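Peer 1: below: sequence and its predicted model.
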Amino acid sequence: MKLLAEELAALPTEQRNPATRDFDSLPTLAILKRTNSEDKLVPIAVEKELAYISKAVEIIVDAFRNGGRLIYVGAGTSGRLGILDAAECPPTYGTDPDMIVGLIAGGQPALFRTQEGAEDDEEKARQDLGSLNPGPNDVVCGIAASRRTPYVVAATKRAKELGCQTVYITTNPRSSFNLVVDVAICPDVGPEVVMGSTRMKSGTAQKLVLNMLTTTAMIKLGKVYENMMVDLQLTNQKLIERAKRIIMMATGVDYNKAEHVLADAEGHVKTAIVMIAANVPLNEARQRLDQANGFVRKAIAQS
């Protein structure tokens, strides 16, 4: 236990922030201003890691193209953020729910209430990862603000043993990172405004990185045309109307035309855009998209 205390004491995220030592004596607006000032440092820390984030994206895209998965592993806030990112990809980009998945120490109950001690269970981490039967085509991404979370470290080590590509996201300095992974992403956010509350700056940094990983991967897979999501699933009225609006903006047609062609395309936004922009029937639009590996711009440009 003394060793753990010493490890924590050495982490920047566990230090006292000199800018907020008088937090408990400040009025509300002053607390918010100090918090906001510290939050502004987070994107700068992430910016310094862009080269490593880029390497991780390339690994993830390669995995997806080979039928592999992205598997997030985390505990507490980090685990919830991984599961959130995984859950949001199917409706946004039309991905298979099994393509990006998340594991959290303590399982589903930990999504809603902290499961004390779960983050220290290394054997359960290996079991949870094993339940997904990971292999060489998969990428396992550990997420842990401190870097040292036993559940996350054990799962990442096991992934490496199984031949998976590995990524690790921590919000402590690269100079202190000592795990064997393919890519480490280490935005150094410094001390939290409340000592050790890594749901704050650390959590924000992790969310930014996860957004970048999956959004960029989806763009590289052809699921975005210009800057519009064109593989969204039309699972509710809002998304149906968004799909029509995307078609209108992409092609310049009016609402009625967009609605009509979307129906002809059986609700597939990409197909509808190609039908209109290239002035081709349904079957040819589908053929063009297939030949272009799903990239709308390339499909439209085909002669």
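Peer 2: All right, it came through fine.
Peer 1: tell me the contacts of the closest residue to R147 other than its chain neighbours?
Peer 2: Closest residue to R147 apart from its sequence neighbours, by C-beta to C-beta, 6 or more residues apart in numbering: T170 at 4.0 Å. To be clear about C-beta, it is placed using only N, CA and C from the backbone, and glycine gets the same treatment. By C-beta atoms under 8 Å, 6 or more residues apart in numbering, the residues touching T170 are 144-147, 177, 184-186.
Peer 1: possible to save the residues you listed as a markdown table with secondary structure?
Peer 2: Below are the contacts of T170 laid out as a markdown table (DSSP: H, G, I helix; E, B strand; the rest coil):
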| residue | secondary structure |
| --- | --- |
| A144 | coil |
| A145 | coil |
| S146 | coil |
| R147 | coil |
| F177 | coil |
| A184 | strand |
| I185 | strand |
| C186 | coil |
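Peer 1: show me which of those are buried.
Peer 2: 144-147, 184-186 (16 or more other C-beta atoms under 10 Å).
Peer 1: distance to A301 and pLDDT added to the contacts of T170, as CSV?
Peer 2: Output for the contacts of T170, formatted as CSV (distance: C-beta to C-beta, whole Å; pLDDT from 0 to 100):
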residue, distance to A301, pLDDT
A144, 44, 97
A145, 45, 95
S146, 48, 92
R147, 46, 93
F177, 44, 94
A184, 39, 98
I185, 35, 98
C186, 40, 98
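Peer 1: returning to what we had before: ok, so of the buried ones among the contacts of T170, who is nearest L11?
Peer 2: Using C-beta to C-beta, S146 is the member of those that lies nearest L11, at 5.7 Å.
Peer 1: for the spatially closest residue to that closest one that is not a sequence neighbour, what are its contacts?
Peer 2: Closest residue to S146 apart from its sequence neighbours, by C-beta to C-beta, 6+ apart: L11 at 5.7 Å. Residues near L11 by C-beta under 8 Å, 6+ apart: 146-148, 172, 176.
Peer 1: of those residues, which is the nearest to L221?
Peer 2: R147 (29.8 Å).
Peer 1: right, and that closest one touches S175 too?
Peer 2: No: between R147 and S175 there is no contact under C-beta atoms under 8 Å: 11.5 Å.
Peer 1: helix or strand for R199, which one?
Peer 2: Taking DSSP states H and E as the definition, one finds R199 inside no helix or strand.
Peer 1: okay, now it: neighbour count?
Peer 2: 17 (other C-beta atoms under 10 Å).
Peer 1: burial count for the residue nearest to it when sequence neighbours are not counted?
Peer 2: Distance criterion C-beta to C-beta, 6+ apart; nearest residue to R199, sequence neighbours excluded, is T77 at 4.3 Å. By the criterion of other C-beta under 10 Å, T77 has 21 neighbours.
Peer 1: strands along the stretch 201-303 of the chain, start to end?
Peer 2: 224-225, 228-229 (DSSP state E, counting those that start in this stretch).
Peer 1: and those: which comes nearest P136?
Peer 2: Among those, strand 224-225 comes nearest to P136, with 27.8 Å by C-beta to C-beta.
Peer 1: what separates that closest one from the chain centre, distance-wise?
Peer 2: 18 Å (C-alpha atoms, centre = their mean, to the nearest Å).
Peer 1: what do you get for stretch 158-167?
Peer 2: 18 Å.
Peer 1: before we move on, what about stretch 259-268?
Peer 2: Between the centre of stretch 259-268 and the centre of its chain there are 30 Å (C-alpha atoms, centre = their mean).
Peer 1: check stretch 243-261 too.
Peer 2: So, by C-alpha atoms, centre = their mean, the centroid of stretch 243-261 is 30 Å from its chain's centroid.
Peer 1: follow-up on the earlier one: would you indicate which residues of the helix or strand encompassing the residue nearest to R199 are buried?
Peer 2: Assigned by DSSP H and E, T77 belongs to helix 76-93. Neighbour counts over helix 76-93 (16+ other C-beta under 10 Å) mark 76-83, 85-86, 89-93 as buried.
Peer 1: now do the residue nearest to M248 when sequence neighbours are not counted against E241, distance only.
Peer 2: Leaving aside its chain neighbours, M248 sits nearest to A258 (4.8 Å; criterion: C-beta to C-beta, 6+ apart). According to C-beta to C-beta, to the nearest Å, A258 stands 10 Å off from E241.
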